[in-house]
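In: Have a look; sequence and predicted model below, questions after that.
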Amino acid sequence: MDSVLVLNGPNLNLLGTREPDIYGSETLDDIRAKTEGRAAERGLAVDFRQSNAEHELIGWIQGAKGQAAGIILNAGAFTHTSLAIADALAAVALPVVEVHLSNIYRREHFRHHSYVSRQAEGVICGFGSESYVLAVDAMAHVLGRKGENRTSRKAAPSRTPNKASRAARTATKKKRS
Ligand code: DQA
């Protein structure tokens, strides 16, 4: 079973009491349960973590290589500041779905830029805790698509003609002339 690393950045441990008008009243544990539930329906395992420390998030991203099939990331405020997290994502080259509870594009201007987005397959924001459920669906889609590509690449005929087919074409041309 593919495993997805779900990382949460600073202050997301305070969900439930933190600015509930923006982030809702569910706790991070509630969101973990929702995320794990949807992942199970999608045949994915989830490793769900939170840290307030940039270096810890970076360590977890680095450790995901060869362990996780993809990363769902809510980097919190590090989204808007951390080139180091973006570099770690680029280094591991795993599929990333960026997620936010709030619609960052409806909020202050300084939240409109994300260092994570450039490394992400896509971004889901603005749906509260449901953003995480949608992010699992998005990750299942991305992983499925990659699987399909692998199969179709195998099935696709080679574009470079091999020796035998070149010889056959030359024979046909000769016959015609
Ligand atoms: C957030 C949005 C960020 O701008 C903010 O700093 C957060 C939470 C969200 O989930 O909406 O901590 O990532």
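Out: Here it is on my side, so go on. All of these numbers come straight from a predicted model, not from anything done at the bench.
In: what about the residue lying closest to residue 113 once chain neighbours are set aside, neighbour count?
Out: When the adjacent residues along the chain are set aside, residue 113 lies closest to residue 80, with 5.9 Å between them (CB to CB, 6 or more residues apart in numbering). Backbone N, C-alpha and C define where each C-beta goes, glycine included. Residue 80 has 16 neighbours, counted by other CB atoms under 10 Å.
In: What parts of this protein come near the ligand?
Out: When proximity is defined as CB under 6 Å from any ligand atom, the chain approaches the ligand at 11, 74, 76, 77, 79, 100, 101, 102, 104, 111.
In: Quick check: the farthest pair among those residues?
Out: Greatest spatial distance among those (CB to CB): 11 and 104, at 14.3 Å.
In: neighbour count winner among those two?
Out: residue 104 (20 against 14).
In: Thought residue 86 was touching residue 119, still the case?
Out: Yes - Residue 119 is within contact range of residue 86, at 5.5 Å (criterion: CB atoms under 8 Å).
In: Return the residues in contact with residue 18.
Out: residue 11 (CB atoms under 8 Å, 6 or more residues apart in numbering).
In: how about the nearest residue to the most centrally placed residue in the chain, chain neighbours excluded?
Out: Centroid-nearest residue in the chain, with CA atoms, centre = their mean: residue 96, separated by 2.2 Å. Nearest residue to residue 96, sequence neighbours excluded (CB to CB, 6+ apart): residue 120, at 4.5 Å.
In: Now for the one you found: which residues touch it?
Out: Per CB under 8 Å, 6+ apart, neighbours of residue 120: 73, 89, 96, 97, 98.
In: Would you map the strands across the chain?
Out: Secondary structure of the chain (DSSP state E): strands at 3-8, 45-50, 70-74, 96-100, 122-125.
In: Point out the most buried one among the ones you listed.
Out: strand 96-100 (a mean of 28; mean count of other CB atoms under 10 Å).
In: Sheet-wise, list the partners of it with their directions.
Out: strand 70-74 (parallel), strand 122-125 (parallel) (DSSP bridges).
In: Export those strands to JSON lines and append columns for distance to residue 34.
Out: Output for those, formatted as JSON lines (distance: least, CB to CB, whole Å):
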{"stretch": "strand 70-74", "distance to residue 34": "12"}
{"stretch": "strand 122-125", "distance to residue 34": "14"}
